[in-house]
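J.: Here is a sequence with its predicted model. Questions after.
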Amino acid sequence: MANELILLDTWVSPFGMRVRIALREKGIKFEYKEEDLTNKSDLLLKMNPIHKKIPVLIHNGKPVRESGIIVQYVDEVWHDKAPLLPSEPYPRAQARFWADFVDKKIYDTGRKIWTTKGDEQKSATEEFIGYLKTLEAELGDKPYFGGEKLGYVDVTMIPFYSWFHAYEVSGNFSIESNCPKLMAWAKRCMQHESVSKTLPDPKKVYEFILQLKKRLGIE
Amino acid sequence: MADVKLLGTWPSPFSYRVILALKLKGIDYEYIEQDLSNKSPLLLQSNPVYKKIPVLIHGGNPISESMTILQYIDESWPETHPLLPADPYGRAVARFWIKFAEEKLSSASMIFRTSGEEQGKAVRETVEVMEILEEHAFGSLKEKGFFGGEKVNMVDLAYGVMGRWFDAIEECSGVKVIDPLKFPLFCGWAERFNEAPVIRDNLPGRKELVDFYKRRREMMLAAAAAASN
């Protein structure tokens, strides 16, 4: 049976990037469809009627939704190629815990940095650095969160590296000087083609945020 | 000494998800009630990131976050009572509903924490969530079924809190959110869940839950009134 894969996504979404990296790591071919989130396609509305969000992976006509869930699905279906989750239950639980931590903390706090000013922004910046430091401590001396190879937590977190420049300029701070180990990890991940081919140019991400702020009426 | 320990608080629905999973799988464990106003060294050491319950400690290894714990239990004791479907697509759908429960059910707890306009908002949000669930989630269950088919699975446990706990919250807050005429599929499922084998013997008592939430609500409203004076 032909394996038909369609990914509904947008170029700048860190959530969509997770799925693209996972598929590319495993060498899986897929059709990419860029969505205009201000004018959502009928296909997107049909495949994700509840949240109407991207990414959605459509596998032989059936939709899989939510980036973390899609990555786990891809890992289970194509389990013999570049496995992303560990095989033992305890390390798997650890990986899920840290991916969940990234999901709960990084995007929302990062968003506060570029949507607010003054004290609110300063406090969001401090909170953000705190979370990055927690991740650094978890990484420790390992080359990747997954150990010797790229794993589930790496794939979950690395897309935000393309947003770091936008956060830094907005919040007027340096992630490199606060979290050098994390930056070293990010550069290590970028040596993988699956990552370097997926992550957009950070300057383009920053331009995108400026446009989005204009549209949302934020100064 | 038990190889499996559970740090929880009574009657946290998150604790109960783990208790019910352990009971369904027939796993022996030692339950250690926590005092969250004076957190134990064991809790702080086992969950340094969030310092919250529930925490499962298996052979000395701690696992936190109730749904992560449930997936761990299912993978560590796979032979009895599977808690997720065997096929990857079925699992992706189950995980979608579990995530939905984690993100959307918190508005319900605001119902007993607040009054007046704030409570009205929490009720409206909860009803919206219920409408989605009634149509898309509970609508897919056959009449005598659970998310796990004939047996309860992890998705049923994620939503199990809504049966007896919502009932208690409604009674002590004086609001009715779950109208059986509006949500017949959910109500049918909730009744089946409360009567399911093992579940029915391990849920907290209705009266105890109502008393607990009544006291909590009084305390919270008094604290809010004092803070605004």
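T.: Looks like it came in fine. Numbering: from 1, shown residues only, chains lettered A, B, ... in the order given.
J.: use CA for all of it now, contacts and neighbours both
T.: Fine.
J.: Can you get me a residue count around residue A:168?
T.: A count of neighbours around residue A:168, defined by other CA atoms under 10 Å in any protein chain shown, yields 18.
J.: Let me see the contact set for it.
T.: A:174, A:175 (CA atoms under 8 Å, 6 or more residues apart in numbering or on different chains).
J.: any idea what it is structurally, helix, strand or coil?
T.: Local secondary structure at residue A:168 is given as helix here, using DSSP: H, G, I helix; E, B strand; the rest coil.
J.: so how far is residue A:215 from it?
T.: Distance, residue A:168 to residue A:215, using CA to CA, to the nearest Å: 21 Å.
J.: Which other helices and strands does the longest helix seen in chain B contact?
T.: Using DSSP state H, we find that the single longest helix of chain B is helix B:206-227. Contact analysis of helix B:206-227 by 3 or more CA pairs under 8 Å, 6 or more residues apart in numbering or on different chains; DSSP states H and E lists helix B:106-113, helix B:154-173 as its packing neighbours.
J.: can you list contacts of stretch B:82-95?
T.: Applying CA under 8 Å, 6+ apart, the external contacts of stretch B:82-95 come out as A:64-65, A:69-70, A:72-73, A:76-77, B:71, B:74, B:148, B:152-155.
J.: What subset of those residues is buried?
T.: Among the contacts of stretch B:82-95, those classed as buried by 16 or more other CA atoms under 10 Å in any protein chain shown are A:64-65, A:69-70, A:72-73, A:76, B:71, B:74, B:148, B:152-155.
J.: Looking at the residues you listed, which are in strands?
T.: Among those, DSSP state E puts A:64, A:65 in strands.
J.: how about the buried ones among the contacts of stretch B:82-95 in JSON lines, adding pLDDT?
T.: Listed next are the buried ones among the contacts of stretch B:82-95 as JSON lines, based on pLDDT from 0 to 100:
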{"residue": "A:64", "pLDDT": "98"}
{"residue": "A:65", "pLDDT": "97"}
{"residue": "A:69", "pLDDT": "97"}
{"residue": "A:70", "pLDDT": "98"}
{"residue": "A:72", "pLDDT": "98"}
{"residue": "A:73", "pLDDT": "98"}
{"residue": "A:76", "pLDDT": "97"}
{"residue": "B:71", "pLDDT": "97"}
{"residue": "B:74", "pLDDT": "98"}
{"residue": "B:148", "pLDDT": "94"}
{"residue": "B:152", "pLDDT": "96"}
{"residue": "B:153", "pLDDT": "96"}
{"residue": "B:154", "pLDDT": "96"}
{"residue": "B:155", "pLDDT": "96"}
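J.: where exactly do the strands run in chain B?
T.: Listed in chain order, the strands of chain B (DSSP E) span B:4-8, B:30-33, B:55-58, B:61-64.
J.: Name the strands paired with the third one and say parallel or antiparallel.
T.: Right, the one you point to is strand B:55-58. Applying DSSP bridges, strand B:55-58 is found paired with strand B:4-8 (antiparallel), strand B:61-64 (antiparallel).
J.: just checking, next helix/strand downstream of the longest helix along chain A?
T.: Ranked by residue count and defined by DSSP H, the top helix of chain A is helix A:89-115. Beyond helix A:89-115 on the C-terminal side, the first helix or strand identified by DSSP states H and E is helix A:118-139.
J.: Name the residues that touch that following helix?
T.: A:105-106, A:109-110, A:112-115, A:145, A:171, A:173, A:175, A:178-179, A:181-182.
J.: What are the buried residues along stretch B:137-147?
T.: The neighbour-count check on stretch B:137-147 (16+ other CA under 10 Å) flags B:137, B:138, B:141, B:145, B:146, B:147 as buried.
J.: Show me the two of those that sit farthest apart.
T.: With distances taken as CA to CA, the most widely separated pair in those is B:137 and B:145, at 12.1 Å.
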